[in-house]
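Visitor: Got a predicted model here, sequence first, then my questions.
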Amino acid sequence: MDEALLKKAWARADAAVAKGPHAIPADGRHRTRRVVMGDPQADFERVMSILSLHGLLGGDGGLRPDVCLVSVGDHFDWGPASERERVARSGLALVAWLASHPADQAVLLLGNHDLGRVGELADFTDATFHAAQVEADGLYRGDDTDPAAERAFLARWPGLPSVELAARDFSAWTEEQRAWVEHLLRARRFRVAHAAAESLLVLHAGVTHEDLDVVGLAHGRRADAHAVADALNGVMDRAVAAWTGGPLVLPGLHHPGNATSGEGTGIFYQRPSLQAEDAERVRGTPRRRFDPRRLPLGLTQVVGHTRDKRVRELVSPGPVRDGVLRHLVTDGTRVDYAHGPPPTTGAGEAVMVFTDGAMREGKAEDFQLFDLEARRAVP
C-alpha cells in the first residue's frame with residue numbers, strides 16, 4: 001500500500017478518535033460499489049491495505065465516494081499478549097475510521113467481540129480489568145488450565161465466564177472502546193443486520209427459524225431480508241433504549257456470559273454444525289451451534305465469524321483455505337459446502353456466504369471481499 005495514502009488513513013482515524021465517540025448521519029448518496037468485509041480482526045494497516053488493493057480507498061484516506069462498505073463485525077481482539085496495547089489502539093482506530101463515514105457508506109455490524117465491550121466487560125474499568133487479566137495470564141493454560149484455580153478466579157470476578165476470556169478472547173479491551181461501542185449503539189450506527197437486497201441479508205453469524213421464532217417473524221416473511229433485518233434490529237433498539245447499565249442483553253438473541261451461566265450464547269456466537277454431539281445444542285436458542293438445515297429457504301445470508309477450518313470440522317470435512325469466500329447451500333435436507341462464491345439458487349434453497357478469511361493471516365492480496373451486486377469476490 002502507498003505509504004502516503006496509509007498516512008492519510010491513519011490521520012483520518014486519529015482525528016476521529018481525538019474527536020471522541022460520534023456518528024455521521026447518512027448522506028443519501030447513491031453508491032455503485034457495495035462490498036462486504038469479513039471479520040477485520042487485524043492491524044489497521046492490514047485492513048487499509050486490503051481495501052486499497054481492491055480500489056476502495058480515495059485519495060484522502062477514506063472510502064471512495066461511490067463505495068459502500070459493510071463490515072460484518074468483530075473489530076477487536078487478536079494477536080499475542082505482548083501486543084495488547086497496540087492492538088487495542090488499532091481496533092479503536094478502525095471503528096472510529098469507519099464511523100467517520102456517513103452511515104450509508106460504512107455499515108457497522110455487531111460481532112460478539114464488539115458486544116463483549118458492553119456485555120461481559122460492561123462493569124469493568126481499565127484498572128479492574130487489568131487486575132483480572134494479570135491473574136488470568138498467570139492461570140490460563142488452554143485445556144490444561146487448573147479447574148480449582150479457575151473457580152477461585154471466577155469467584156473474584158463473577159462477571160467473567162472463564163479465565164480464557166480475560167487472557168485471550170477479549171484480551172485488548174479498554175474503557176474507551178466501550179464508550180465508542182455504547183455511543184454507536186445508541187446512535188444506531190452499530191446494527192445487528194443489514195438488508196442488502198430483497199433476499200440478501202448481511203450479519204455476523206447467521207439466523208435460523210428458531211431465532212426468527214424468538215422475534216415473532218411470520219414464516220412467510222423469512223425470505224424477505226428487509227423484514228428479517230427490521231425484526232432483529234428492532235430487538236436491539238428496544239434493548240438499548242431500556243439499557244441503563246450492566247451487561248447489554250438482547251432477549252432470546254444475545255446473552256453475555258458470566259461465572260454463573262458460562263459462555264455467552266446467541267446469534268453473534270453461533271456456528272453451523274452437523275456433528276452428532278451438537279444435536280441437542282442446536283434445538284433451542286440462544287445457543288452456540290445451529291443446524292444449517294434450519295436456515296430460512298429463499299434467503300441468502302452473508303456472514304463472518306466462522307473460518308474455513310471450523311466449518312470443515314463441524315459440517316463438511318475437506319481441505320482448508322484461508323482468505324477465500326465460501327458458501328453453504330441447503331434445501332432443508334442436504335447440505336453442500338464449498339470454496340468460492342455461491343451458485344445460482346432458487347426459492348427452495350437457503351444460502352450462507354462465509355467471509356471470515358482470517359484477515360491477519362497470509363497475504364493481503366489473497367483476502368477476498370464479497371461484491372453484493374455481482375454476488376462474487378471483488379475483482
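Guide: Nice, I can see it.
Visitor: Could you use CA atoms for every contact and neighbour count after this?
Guide: Noted.
Visitor: How many neighbouring residues does the residue nearest to Ala193 when sequence neighbours are not counted have?
Guide: By the measure of C-alpha to C-alpha, 6 or more residues apart in numbering, the closest residue to Ala193 outside its immediate chain neighbours is Leu203, 4.6 Å from it. Using other C-alpha atoms under 10 Å, the number of residues around Leu203 comes to 27.
Visitor: Could you do Ala127 as well?
Guide: Other residues within reach of Ala127, judged by other C-alpha under 10 Å, total 11.
Visitor: Surely it is within a helix?
Guide: Yes: counting by DSSP: H, G, I helix; E, B strand; the rest coil, Ala127 is located in a helix.
Visitor: Contact partners for it?
Guide: Residues touching Ala127, when contacts are defined by C-alpha atoms under 8 Å, 6 or more residues apart in numbering, are absent altogether.
Visitor: From Arg178, how far out is it?
Guide: Going from Ala127 to Arg178 by C-alpha to C-alpha, to the nearest Å gives 14 Å.
Visitor: again, but for Gln270
Guide: Here the criterion is C-alpha to C-alpha. By it, Gln270 lies 23 Å from Arg178.
Visitor: How about Leu253?
Guide: Where Arg178 is concerned, Leu253 sits at a distance of 20 Å (C-alpha to C-alpha).
Visitor: Then Ala225?
Guide: Going from Ala225 to Arg178 by C-alpha to C-alpha gives 29 Å.
Visitor: Not counting stretch 248-265 itself, show me its contacts.
Guide: The contact list for stretch 248-265 (C-alpha under 8 Å, 6+ apart) reads 115-116, 118-120, 122, 154-155, 157-162, 211, 214, 235-236, 239-240, 247, 266-268, 285-288.
Visitor: ok, of those, which come out buried?
Guide: With neighbours counted by 16 or more other C-alpha atoms under 10 Å, these contain buried members at 115-116, 118-120, 122, 154, 157-162, 211, 214, 235-236, 240, 247, 266-268, 285-288.
Visitor: In strands only, show me those.
Guide: Per DSSP state E, strands hold the following members of the buried ones among the contacts of stretch 248-265: Gly266.
Visitor: can you pull out the helices in the protein?
Guide: Listed in chain order, the helices found in the chain under DSSP state H are 3-19, 44-53, 84-99, 112-116, 126-139, 147-156, 163-164, 175-186, 209-214, 225-242, 308-314.
Visitor: With mean pLDDT and distance to Asn258 added, can I get these in CSV?
Guide: Supplementary listing: the helices of the chain in CSV, determined by pLDDT from 0 to 100; distance: least, C-alpha to C-alpha, whole Å:
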stretch, mean pLDDT, distance to Asn258
helix 3-19, 97, 30
helix 44-53, 98, 30
helix 84-99, 98, 23
helix 112-116, 98, 11
helix 126-139, 98, 14
helix 147-156, 98, 9
helix 163-164, 97, 11
helix 175-186, 98, 18
helix 209-214, 98, 22
helix 225-242, 98, 19
helix 308-314, 98, 24
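Visitor: Can I get those in CSV including distance to Asp60?
Guide: Compiled in CSV, the helices of the chain are given as follows (distance: least, C-alpha to C-alpha, whole Å):
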stretch, distance to Asp60
helix 3-19, 6
helix 44-53, 12
helix 84-99, 12
helix 112-116, 27
helix 126-139, 34
helix 147-156, 47
helix 163-164, 40
helix 175-186, 23
helix 209-214, 42
helix 225-242, 32
helix 308-314, 35
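Visitor: wait, which of the ones you listed is closest to Asp371?
Guide: Distances from Asp371 to each of the helices of the chain were compared by C-alpha to C-alpha, and the smallest falls on helix 44-53, at 12.7 Å.
Visitor: Next, the angle from the closest one to helix 3-19.
Guide: Angle, helix 44-53 to helix 3-19, by axes from the mean of the first three to the mean of the last three C-alpha atoms, to 10 degrees: 120 degrees.
Visitor: Could you name the helices and strands sitting against helix 44-53?
Guide: helix 3-19, helix 84-99 (3 or more C-alpha pairs under 8 Å, 6 or more residues apart in numbering; DSSP states H and E).
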